[in-house]
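Chemist: following is a predicted model, sequence given first.
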Amino acid sequence: MDYQTSPDYDKDYGMSQSCEKMHVKQISDSLLSPLYSLVFVFGFLGNLLVVLTLIKCKKLKSMSNIYLLNLAISDLLSLLTLPFWALYAANKWTLGDAMCKLVTGMYYIGYFGGVFFIILLTINRYQAIVHAVFASKTRSVTFRVVTSMVTWVLSVLASLLEIIFTKSQNEGFYYFCSPYFPTTSLHFWKSFQVRKMFILGLVLPLLVMTICYSGILKTLCQSQNEKKRHKAVRLIFAINIMYFVFWGPYNIVLLLSAYQEFFGLNNCQSSNQLDQAMQVTEILGMTHCCINPIIYAFMEEKFRSYLSGLFQKHIAKRFCQHYSTFHRKASERGSSVFTWATGDQDLSVGL
């Protein structure tokens with residue numbers, strides 16, 4: 001959440017002259033809070049539905065379901081921070097240093113967890129299609145639990161830099177929740193952070209997906225099952241395209257922003273444009289949490305049938321029971337009123 005959390009929000013003192021950034025602040029004040037709220041509502045409901053469906057219906061019997069569940073939990077973890085960022089965008093940071101670190105940590109752990117579980121899903125699909133014999137040997141409960149735990153540990157480790165160097169800072173009458181690097185090693189840590197985000201958030205998943213899906217497509221092209229091949233390629237295409245459409249621009253803008261001088265963007269106008277682009281692309285990336293339930297769940301026919309069963313069994317059934325009770329009570333009230341209005345005596349009233 002670097003773009004709106006910098007104490008140098010209105011001015012960039014890293015340039016030869018101070019650079020006013022009022023347009024960036026105006027966008028933050030007017031748009032970020034409602035956008036965060038919308039993403040939170042739709043993303044939270046969608047991923048919660050995925051979690052409930054996986055637990056209630058699929059019973060977590062396969063590796064894919066385990067990773068899908070963890071992916072949804074990762075998205076929920078990041079989404080739970082959005083109400084705090086929405087409040088921050090509207091009123092600056094008022095929750096203190098501990099909450100600043102906690103909310104930042106939850107956001108980045110959820111983000112990296114999402115990336116790593118997408119990678120695990122990709123590798124799992126690769127093994128299931130290309131190396132089916134080997135995949136059958138890695139389906140034990142122990143292996144599922146261990147890989148999931150290791151992935152969460154790696155997510156925490158990947159987020160340590162943001163947790164350690166993020167703090168609540170005061171400037172004038174306002175507090176900001178933002179990164180704060182030691183002055184003596186400022187350039188090193190900022191460069192390290194950007195490179196880490198770019199490698200883990202873009203290069204690594206792109207590399208894994210390219211290698212794995214190349215093998216998958218080669219295997220599927222040799223398959224005699226045309227329908228299976230078409231469905232698998234469609235899902236693979238959606239996984240690749242959607243992740244990079246939603247998170248790719250943010251990682252690219254982050255890299256450009258960190259190396260403005262190298263790319264010839266170290267002037268006031270370019271800096272303003274990059275800051276605005278950072279806001280837009282991170283919102284776009286967050287929206288991926290809303291898309292995940294669609295591209296990883298609702299595109300699968302079996303999942304849709306499970307979801308339909310869950311809806312009919314729990315939601316529709318309860319709604320029908322509630323409607324029947326309401327309709328019966330309404331009919332009884334109508335009958336009582338009709339009896340009174342016609343002068344007949346309703347004996348049930350006195351009982």
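Modeler: Sure thing, it's come through. Numbers count the residues shown, from 1 in each chain.
Chemist: make it CA atoms for all contacts and neighbour counts henceforth
Modeler: Fine.
Chemist: pLDDT below threshold where in this structure?
Modeler: By pLDDT under 70, the weakly predicted segments of the chain are 1-30, 57-60, 132-139, 223-233, 235-236, 266, 296-303, 306-307, 310, 314-351.
Chemist: ok, longest helix in this protein?
Modeler: Longest among the helix segments of the chain by residue count, using DSSP state H, is helix 96-130.
Chemist: any idea how far the closest residue to Ala72 other than its chain neighbours lies from Ser185?
Modeler: Of all residues beyond its chain neighbours, the one nearest Ala72 is Asn47 (5.3 Å), with distances taken as C-alpha to C-alpha, 6 or more residues apart in numbering. Per C-alpha to C-alpha, to the nearest Å, Asn47 is found 40 Å from Ser185.
Chemist: with neighbour numbers in mind, choose between the two.
Modeler: Ranked by neighbour count (other C-alpha atoms under 10 Å), Asn47 and Ser185 place Asn47 first, with 26 against 9.
Chemist: host element of the more buried one?
Modeler: Using DSSP states H and E, Asn47 sits in helix 33-53.
Chemist: three-state assignment of the spatially most central residue of the chain?
Modeler: Geometric centre of the chain, nearest residue: Cys289, 3.1 Å, by C-alpha atoms, centre = their mean. Here Cys289 is recorded as helix under DSSP: H, G, I helix; E, B strand; the rest coil.
Chemist: I figured it hits Asp75, correct?
Modeler: Yes: under the criterion of C-alpha atoms under 8 Å, Cys289 makes contact with Asp75 at 5.5 Å.
Chemist: sorry, back to before: which other helices and strands does the helix holding Asn47 contact?
Modeler: helix 63-79, helix 82-91, helix 268-293, helix 301-310 (3 or more C-alpha pairs under 8 Å, 6 or more residues apart in numbering; DSSP states H and E).
Chemist: hang on, the earlier thing: list the buried ones in the longest helix of the chain?
Modeler: 97, 99-101, 103-128, 130 (16 or more other C-alpha atoms under 10 Å).
Chemist: stretch 239-254 too?
Modeler: Ile239, Asn240, Tyr243, Phe244, Phe246, Trp247, Gly248, Pro249, Tyr250, Asn251, Val253, Leu254.
Chemist: and which of the residues you listed is nearest Ile163?
Modeler: Proximity of the buried residues of stretch 239-254 to Ile163 (C-alpha to C-alpha) peaks at Leu254, which lies at 18.5 Å.
Chemist: is that closest one in contact with Ala277, as I believe?
Modeler: No: at 9.2 Å, Leu254 does not count as touching Ala277 under the criterion of C-alpha under 8 Å.
Chemist: in stretch 145-161, what's buried?
Modeler: Within stretch 145-161, the residues scored as buried using 16+ other C-alpha under 10 Å are Ser148, Thr151, Trp152, Leu154, Ser155, Val156, Ala158, Ser159, Leu161.
Chemist: what comes into contact with the helix or strand where the first one lies?
Modeler: This points to Ser148. Per DSSP H and E: Ser148 is located in helix 141-165. The contact list for helix 141-165 (C-alpha atoms under 8 Å, 6 or more residues apart in numbering) reads 63, 66-67, 70, 101-102, 104-105, 108-110, 112-113, 116-117, 179-181, 193.
Chemist: rerun at 6 Å
Modeler: The contact list for helix 141-165 (C-alpha atoms under 6 Å, 6 or more residues apart in numbering) reads Lys101, Gly105, Tyr108, Ile109, Phe112, Gly113, Pro179, Tyr180.
Chemist: now do stretch 202-215
Modeler: Tyr126.
Chemist: in it, what counts as buried?
Modeler: Of all the residues in stretch 202-215, those buried under the rule 16+ other C-alpha under 10 Å are Leu202, Pro205, Leu206, Val208, Met209, Cys212, Tyr213, Gly215.
Chemist: which residue packs closest to Met286, ignoring adjacent ones?
Modeler: Residue nearest to Met286 in three dimensions, not counting chain neighbours: Val39, with 7.3 Å by C-alpha to C-alpha, 6+ apart.
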